[in-house]
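Engineer: Okay, predicted coordinates and the sequence, questions at the end:
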Amino acid sequence: MSGALAFFGAFNPPTVAHLELARFALEQTGRERAIFVPSKSVYIRGEQGKDFAYPDARRLEMLRAAAASRPWMAVTDWEMRQKAQPRTYETLCHLRSLGDAPALLMGSDKLPELEHGWRHVDEIAQEFGILCMTRGGDDCARMLAEDPYLRALSPWITLLETPAALRGISSTQVRRRVAAGEPAEGLVPEEILPLLPIDLPGA
């Protein structure tokens with residue numbers, strides 16, 4: 001099995017921050033590759049409540065265009081091909097069945113959601129491990145120490161400080177620029193710039 005990080009998200013669209021965070025996490029952990037796992041657009045709009053989601057095929061095309069010149073980056077459309085949005089644990093088990101040994105890469109904004117918003121958290125933590133990157137100035141060590149649920153999971157959670165330069169870049173920011181007809185250079189990988197124009201709310 002190869003050491004991998006499974007990076008779940010909407011990637012709506014993928015940004016330079018997504019790619020650089022994944023690459024940074026690989027460097028810090030010594031793992032070989034990051035597997036990007038885009039979720040279904042119906043889940044992004046329905047469950048996450050986003051007002052817009054690039055179609056599945058377009059987001060997949062964007063990620064694959066970025067991965068073409070990055071040997072450490074892999075992309076799977078497994079979740080998109082399922083009839084219903086799979087749970088994270090199901091996808092991790094699928095990746096493991098293919099020969100990967102994936103740990104979950106996630107942002108610290110997800111930590112408060114683990115107890116009541118996720119399923120199979122104990123299995124995810126104990127079978128795969130969680131690499132948590134700080135976001136928005138979160139004091140993750142304090143969060144783990146003060147929350148009994150997170151404290152019990154802490155032996156399987158590795159904390160990693162997010163580079164400050166990457167904290168202000170978001171997919172929402174990119175969508176707003178595209179909708180306003182403004183350039184997105186520097187915010188998304190160059191390879192996907194031609195794939196951004198599409199009917200966005202407010203355009």
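Structural biologist: Cool, the structure landed. Numbering: from 1, shown residues only.
Engineer: tell me which helix or strand of the chain sits lowest on mean pLDDT?
Structural biologist: The helix or strand of the chain with the poorest confidence is helix 41-46; it has a mean of 81 (mean pLDDT, DSSP states H and E).
Engineer: Report the buried residues of that one.
Structural biologist: 41, 43-44 (16 or more other Cβ atoms under 10 Å). (Glycine included, C-beta is placed from N, CA and C.)
Engineer: so the closest residue in space to residue 30 that isn't next to it in sequence bridges to which residues?
Structural biologist: Distance criterion Cβ to Cβ, 6 or more residues apart in numbering; nearest residue to residue 30, sequence neighbours excluded, is residue 3 at 7.2 Å. Counting by DSSP bridges, residue 3 is bridged to residue 101.
Engineer: ok, residue 3 - contacts?
Structural biologist: By Cβ atoms under 8 Å, 6 or more residues apart in numbering, the residues touching residue 3 are 29-32, 101, 103.
Engineer: so how far is the helix or strand residue 22 falls within off the chain centroid?
Structural biologist: Taking DSSP states H and E as the definition, one finds residue 22 inside helix 16-29. Centroid separation for helix 16-29 versus its chain: 11 Å, with Cα atoms, centre = their mean, to the nearest Å.
Engineer: List the contacts of it.
Structural biologist: 3, 5, 7, 9, 11, 31-34, 36, 66, 70, 72-73, 103, 105, 131, 133, 158, 160, 162-163, 166-167, 169-170, 186-189.
Engineer: Can you tell me which of these are buried?
Structural biologist: When the contacts of helix 16-29 are checked for burial by 16+ other Cβ under 10 Å, the buried set is 5, 7, 9, 11, 31, 33-34, 36, 66, 72-73, 103, 105, 131, 133, 160, 162, 166, 169, 187-189.
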